[in-house]
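1. Generate coordinates for the sequence data below:
(chains A and B)
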Amino acid sequence: DVKVTQSSRYLVKRTGEKVFLECVQDMDHENMFWYRQDPGLGLRLIYFSYDVKMKEKGDIPEGYSVSREKKERFSLILESASTNQTSMYLCASSFSSYYGYTFGSGTRLTVV
Amino acid sequence: GQQVMQIPQYQHVQEGEDFTTYCNSSTTLSNIQWYKQRPGGHPVFLIQLVKSGEVKKQKRLTFQFGEAKKNSSLHITATQTTDVGTYFCAGPTDSGGGADGLTFGKGTHLIIQP
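-> Now for the predicted structure:
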């Protein structure tokens, strides 16, 4: 089975801190995605990547950046964490949007 | 931009009753996918529909893709407590692409009363 592993299940950070969320997949998928999930708002796409060193903005990229130096690893970076970035962050990977996504278990980030 | 709407937002049923959630896209979709998220869990891929009018079944779950490829439904027959969770539909953000990510509906929360 495909596995998508997110480095932390729970994270608490202070306002203004730089935060790194790591995601690793083990099935050689081309595409990787970062979503955030908030009650009443569903899943919203932050950034995605379809190849090493490639990145594309999703629907809500403001305040975030990403890094994909290796095919299996996709990192989400909060440059200066703010309280409105408190959320559940979900990483996913797939061969393409024509194939089902495999999600990681999520990182629940709280910014205080 | 593309919108994917799901109704209802919440559905309470008695165990053993049927359940249906509906999904509508503002644009024609190349495919539609369904996911289930258990409470406290992450979304898990259930199925993908590609063809106009396609119907697929997984045990008690029946998935349909509309003729115009803009709507879809998920029907669960005789719900069980294991069906509790949130069901999401999702379609490619770019109907002609393949690497543009999925747009998810906001999901239908299924609550089952024993």
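2. Tell me who's in contact with the closest residue to residue A:18 other than its chain neighbours.
-> Of all residues not flanking residue A:18 in the chain, residue A:79 sits nearest, at 6.1 Å (C-beta to C-beta, 6 or more residues apart in numbering or on different chains). The way it works is simple: take the backbone N, C-alpha and C, and place the C-beta from them, glycine included. Contacts here follow C-beta atoms under 8 Å, 6 or more residues apart in numbering or on different chains; on that basis residue A:79 touches A:18, A:63, A:64, A:65.
3. from those, which would you call buried?
-> residue A:64 (16 or more other C-beta atoms under 10 Å in any protein chain shown).
4. Now the closest residue to chain A within chain B: closest residue in space, sequence neighbours ignored.
-> As assessed by C-beta to the nearest C-beta, chain A sits closest to residue B:45 within chain B, at 3.3 Å. Closest residue to residue B:45 apart from its sequence neighbours, by C-beta to C-beta, 6+ apart: residue A:100 at 3.3 Å.
5. I'd say the one you found and residue B:43 touch.
-> No - applying C-beta atoms under 8 Å, one finds residue A:100 not in contact with residue B:43, separated by 9.9 Å.
6. out of those two, which sits in the busier spot?
-> Neighbours per residue (other C-beta atoms under 10 Å in any protein chain shown) separate residue A:100 from residue B:43, with residue B:43 holding more: 28 against 22.
7. Next, count neighbours for the closest residue to that one other than its chain neighbours.
-> Distances taken as C-beta to C-beta, 6+ apart place residue B:35 nearest to residue B:43, at 4.1 Å, with adjacent residues excluded. Neighbour count of residue B:35, defined by other C-beta under 10 Å: 24.
8. Flag every residue of chain A that's near chain B.
-> Proximity of chain A to chain B (C-beta under 8 Å from any C-beta of the partner chain) is limited to residues A:30-31, A:33, A:35, A:40-45, A:48, A:50, A:56, A:58-59, A:90, A:96-106.
9. Sketch out the low-pLDDT regions of the chain for me.
-> Looking at chain A here, since you left the chain open. For chain A, applying pLDDT under 70 flags the ranges A:1-2, A:97.
10. you looked at the wrong chain, it should be chain B
-> Low-confidence segments of chain B, defined by pLDDT under 70: B:94-100.
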